[in-house]
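Participant: give me a model of this one.
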Amino acid sequence: MTLDTARLGPMANAIRALSMDAVQAANSGHPGMPMGMADVATVLYSQFLKFDPAAPKWPDRDRFVLSAGHGSMLLYSLLHLTGYAAPTMDDIRNFRQLGSPCAGHPENTHLAGAECTTGPLGQGLAMAVGMALAERHLNAGFGDDLVDHRTWVIAGDGCLMEGVNHEAIGLAGHLGLGRLIVLWDNNHITIDGDTSLSTNEDIAARYAATGWHTEACDGHDPADIARAIKAAMADERPSLVACRTVIGKGAPNKQGTHNVHGAPLGADEIAAARAFLGWTAAPFEVPADILADWRSLGAKGAKAHAAWEKRLAGSSLKGDFTARFASVAPLAAPALESYVAGLVANPQKVATRKASEMALGLLTEQLPQLVGGSADLTGSNLTKTKATTPLSPQDFGGRYVYYGIREFGMAAAMNGMALHGGVVPYGGTFLVFSDYCRNAIRLSALQHAQVVYVLTHDSIGLGEDGPTHQPIEHIMSMRMIPNLNVFRPADVVETAECWALALQSTGTPSVLALSRQNLPQFRGEGDANWNAAGNRCAKGAYRLKAAEHARQVVLIGTGSEVEVAMACAAQLETAGVGADVVSMPSWELFAQQDAGYHADLLPAGVLKVSIEAGVTLGWERHVGANGITIGIDSFGASAPAEELYRHFGMTADAIVPKIMEHFDI
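Facilitator: Reported below is the predicted structural model:
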């Protein structure tokens, strides 16, 4: 069914009415963008977008990303009008209220029809790059019959100004992601006023310089919008369509001004807009004929979905395709079982970044969902394996992305890849550069996206590169992000365990903080039947060494400082002071254990000492008010690692006297 142009206007006005009414009811929100982009969205949904409201997670649906997430009522209106189960009209009435899935900005965990959580400007577009990349990668393996969809983005001026936009479009242009089309709400308005206050750049030229195709159209002329979209679809490059729009279109006294961007229109202006648009329906009501036109689009999508299901059923690749979109959680530990057994038989003293590479070698060989990469630090992060050949415009079937020096863009793209499905992405950079991509890591956690961040060179142990590259506050700052598992393994066995846990955590992203320097293998005894016996890191912390004399001290170490804790314990035992050593690779998983486990591992009445080459802030929760926190509360320095550990007092010779002083020994 094709809708004639005359019917598109009333359909777009339904978006305008719902948007202005919802924002007014909430006394909060952004009516301008939904009203301005209503015509573009109506053309997109009625003529081009492939979707089925009854199956919002159909793998071969088009992905639609509202990068300008502040205009969330555009998405909520579209989902309701086209017949998704949610949001209901009651949900829209309760826009921005506690318990409503219609949050201030779209959240993928609230609505099945929201592909990703947007609001931090630029990241929606950057995630869309990851989605488009995942589509081409899966298409290379399964062909057009099973994977043949586009990724569409509505972005505003803010999305195009943010720095992550530069990183994202550079990657998309380089890879030639021609199934990606960005519809730019070119309304010349930001919160402060006209865009001329802050920018005069030629945005289309910037996109063209990165290898994009560009088009322009009148964003209120359905025929011109359709023409521009068709031209974008016909080009093999990713496309930017500059849609010249009027923000707040339909509000006769406020449209075209920044006053309509982020505030309710007010009762008088809404009444004027209703008269201007000829919209006579009551608030939160859509005339039956207009709603029927919108719902017909969902029916059209159901036919496309049914045809795809028929192709899948008859495909020889059905089993592999279904497996690719299934969870890797049950496969992670078995993939590493023989490897860990080999480590027990032949211990390895290697850096945990090398241990990660060793574990990845087996995991990438057995789990085709894993797609790796690095922000230009492949040889340092050790994230590439024999099984992961380069992903390039010549071979989208490759499984290793050279992201270039684009940490933020990499992290955002990995979020998009994970949310697309069929891919479990991991990517590497130095831990200190996690600051560049922190907001995307936060969005990984907020979206429950299974992304693994391989963050190497995790302490002063990296040595001579000095304080610009030595993380101090970073581990603790990562631990502050909710729903993020931060792993800092102590040896080659713990690294394998942490990789298994990261792949088993389907709704939680993970950070693997890994050392540059070699670390001894402490694990071995009792790990021969590792998978059957249980992953000791799964509890977040465990007793690596029990006291030989009467226990007086519990030494808690993470990562490379477990070696320091073991050296301290040896000196203390020689002096007759019994010392446990607890390895704590994950605060988050330890916090999930019951009170009995906590009391057994960190018993009352004994001195508890934390040892970590980073800030001491936060360790009080584990060592208590009377415990000792050993760490570094200043920036590092440039010198060999061994010298730095001595300089900052991170050695047994420096730590043990502080413990003995506590006991007046």
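Participant: what segments of the stretch 451-600 of the chain are helices?
Facilitator: Using DSSP state H, counting those that start in this stretch, the helices of the stretch 451-600 of the chain run over 474-479, 492-504, 530-533, 561-574, 587-591, 595-601.
Participant: typo on my end, the stretch 151-300 of the chain
Facilitator: Using DSSP H, counting those that start in this stretch, helices in the stretch 151-300 of the chain cover 157-161, 163-175, 203-209, 222-234, 267-277, 288-313.
Participant: hmm, back to that, turn the helices of the stretch 451-600 of the chain into JSON lines, including distance to residue 437.
Facilitator: In short, each C-beta sits where N, CA and C put it, glycine included. Formatted as JSON lines, those follow (distance: least, C-beta to C-beta, whole Å):
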{"stretch": "helix 474-479", "distance to residue 437": "11"}
{"stretch": "helix 492-504", "distance to residue 437": "17"}
{"stretch": "helix 530-533", "distance to residue 437": "32"}
{"stretch": "helix 561-574", "distance to residue 437": "25"}
{"stretch": "helix 587-591", "distance to residue 437": "19"}
{"stretch": "helix 595-601", "distance to residue 437": "33"}
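Participant: to residue 391, which of the ones you listed lies closest?
Facilitator: Ranking these by their distance to residue 391 (criterion: C-beta to C-beta) puts helix 492-504 first, at 19.9 Å.
Participant: same question for that closest one, mean pLDDT?
Facilitator: Model confidence over helix 492-504, given as mean pLDDT, is 98.
Participant: in that helix, what counts as buried?
Facilitator: 492-504 (16 or more other C-beta atoms under 10 Å).
Participant: picking up where we left off before, mean pLDDT, mean neighbour count and distance to residue 452 added to the helices of the stretch 151-300 of the chain, as CSV?
Facilitator: Listed next are the helices of the stretch 151-300 of the chain as CSV, based on pLDDT from 0 to 100; neighbours: other C-beta atoms under 10 Å; distance: least, C-beta to C-beta, whole Å:
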stretch, mean pLDDT, mean neighbour count, distance to residue 452
helix 157-161, 97, 21, 26
helix 163-175, 98, 23, 19
helix 203-209, 98, 16, 31
helix 222-234, 98, 18, 33
helix 267-277, 98, 17, 48
helix 288-313, 96, 15, 29
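Participant: reformat those helices as TSV; add distance to residue 385.
Facilitator: What follows is the helices of the stretch 151-300 of the chain, written out as TSV (distance: least, C-beta to C-beta, whole Å):
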stretch	distance to residue 385
helix 157-161	35
helix 163-175	21
helix 203-209	34
helix 222-234	36
helix 267-277	58
helix 288-313	30
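Participant: for residue 634, find the nearest of the ones you listed.
Facilitator: Residue 634 lies closest, by C-beta to C-beta, to one member of these: helix 163-175, at 29.3 Å.
Participant: so what touches that closest one?
Facilitator: 122-123, 125-126, 129, 132-133, 136, 159, 180, 206-207, 210-212, 237-238, 391-393, 403-404, 406, 408-410, 412-413, 440 (C-beta atoms under 8 Å, 6 or more residues apart in numbering).
Participant: again, but for stretch 432-449
Facilitator: Under C-beta under 8 Å, 6+ apart, the answer for stretch 432-449 is 107-109, 116-117, 120, 123, 126-127, 164, 375, 407-408, 410-412, 414-415, 418-419, 429, 451, 453, 455, 457, 468-471, 474, 477-478, 481-484, 507-509, 511.
Participant: give me the secondary structure label for the residue nearest the centre of the chain.
Facilitator: Nearest residue to the geometric centre of the chain (C-alpha atoms, centre = their mean): residue 444, 2.8 Å. With DSSP: H, G, I helix; E, B strand; the rest coil as the basis, residue 444 sits in helix.
Participant: separation between the closest residue to it other than its chain neighbours and residue 75?
Facilitator: Nearest residue to residue 444, sequence neighbours excluded (C-beta to C-beta, 6 or more residues apart in numbering): residue 509, at 3.8 Å. From residue 509 across to residue 75, the span is 24 Å (C-beta to C-beta, to the nearest Å).
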